[in-house]
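Colleague: Any chance you can model this:
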Amino acid sequence: MGRISKSFKKWKEYSKISDLGIIARRKFFNNCFDGALTCAGIVSGIFIIFLSKETSQFTPQTVTVTGLATALAIGISGLWGAFLSEEAERKKKVDDMKKDMAMIEEDEDENNETSNLEIISNKKKKKQVKTLLEKAEDFATLIASLVDGGAPVLGSSLPLIPFFFGGDLRYLHFIFSYIILAALLVYLGNFLGKISGGGRVRYAIHLVTAGVVTLLVSILLGI
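Modeller: A predicted model of the protein is given here:
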């Protein structure tokens, strides 16, 4: 337990240094929302086809496989792209900070008013800070990438849950899928409202409206 507690304490310190909390929250919302609307588009498109034929060629498993394949594609894309972009940005951040520290060290070396012992002590402290910063940025890159890849998979997969049940495609599959989708959008709206400190209902209405617009666009395309 002591080792686990120590690890959590270290991760918490890394998160503060790298501002991971703000970045992770933003990535989670954006990508989960994207995944949810992507799934809404897939389900709505299949629903239009389902309505247009007396005997549909689609089964619940067809919808599940299509949705999960799309969710995994989005997740892999998000994970891969986020890791590369985060790694590049954070490496630049560390390199810039190293350059700033090097300039400070040169100024101190030229300043004869500071004793040699103080200069050595300051250099040791800066070396520790740089090492801690690098660890924090590596940790933030990994976590931000996982959130970037995992959030759209979550948003795309949850509305597919009803399609795991039943041998034939029914209206109830789509009804329950839309209910889960609406609940997910309401949750994300509350999530945004909590971050902003108010307006949870307003954000929830905005996101549900986006879902309804996606459904209407799918219907119009089907017509």
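
Colleague: where do the strands sit along this protein?
Modeller: Counting by DSSP state E, the chain has no strands at all.

Colleague: Spell out, range by range, the helices that occur in it.
Modeller: Secondary structure of the chain by DSSP state H: the helices cover 2-18, 20-52, 60-110, 116-157, 171-196, 200-222.

Colleague: how about those, which one is nearest residue 165?
Modeller: Among the helices of the chain, helix 60-110 comes nearest to residue 165, with 7.0 Å by Cβ to Cβ. (Glycine included, C-beta is placed from N, CA and C.)

Colleague: Pull the number of nearby residues for residue 32.
Modeller: By the criterion of other Cβ atoms under 10 Å, residue 32 has 24 neighbours.

Colleague: Return the distance of it relative to residue 149.
Modeller: Per Cβ to Cβ, to the nearest Å, residue 32 is found 11 Å from residue 149.

Colleague: Need the helices of the chain in JSON lines (columns: distance to residue 165 and mean pLDDT).
Modeller: Shown next, in JSON lines, are the helices of the chain (distance: least, Cβ to Cβ, whole Å; pLDDT from 0 to 100):
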{"stretch": "helix 2-18", "distance to residue 165": "38", "mean pLDDT": "78"}
{"stretch": "helix 20-52", "distance to residue 165": "15", "mean pLDDT": "86"}
{"stretch": "helix 60-110", "distance to residue 165": "7", "mean pLDDT": "72"}
{"stretch": "helix 116-157", "distance to residue 165": "15", "mean pLDDT": "72"}
{"stretch": "helix 171-196", "distance to residue 165": "8", "mean pLDDT": "90"}
{"stretch": "helix 200-222", "distance to residue 165": "22", "mean pLDDT": "84"}
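
Colleague: so of those helices, which one's packed in deepest?
Modeller: Stretch with highest mean neighbour count among the helices of the chain: helix 20-52 (a mean of 19; mean count of other Cβ atoms under 10 Å).

Colleague: quick one, that helix and helix 200-222 angle?
Modeller: Relative orientation of helix 20-52 and helix 200-222, computed by axes from the mean of the first three to the mean of the last three Cα atoms, to 10 degrees: 40 degrees.

Colleague: hmm, back to that, now for residue 32 and residue 149: what residues contact both?
Modeller: Common contacts of residue 32 and residue 149, defined by Cβ atoms under 8 Å, 6 or more residues apart in numbering, are absent altogether.

Colleague: closest one to residue 163 among the helices of the chain?
Modeller: The closest of the helices of the chain to residue 163 is helix 60-110. By Cβ to Cβ, the value is 4.1 Å.

Colleague: My guess is residue 176 contacts residue 163. True?
Modeller: No - counting by Cβ atoms under 8 Å, residue 176 sits too far from residue 163 to count as a contact (9.0 Å).

Colleague: how far away is residue 195 from residue 158?
Modeller: 21 Å.

Colleague: er, residue 185 actually
Modeller: Going from residue 185 to residue 158 by Cβ to Cβ gives 11 Å.

Colleague: Give me the common contacts of those two.
Modeller: Jointly contacting residue 185 and residue 158 under the rule Cβ under 8 Å, 6+ apart are residue 36.

Colleague: Since that was my last question, I'll sign off now.
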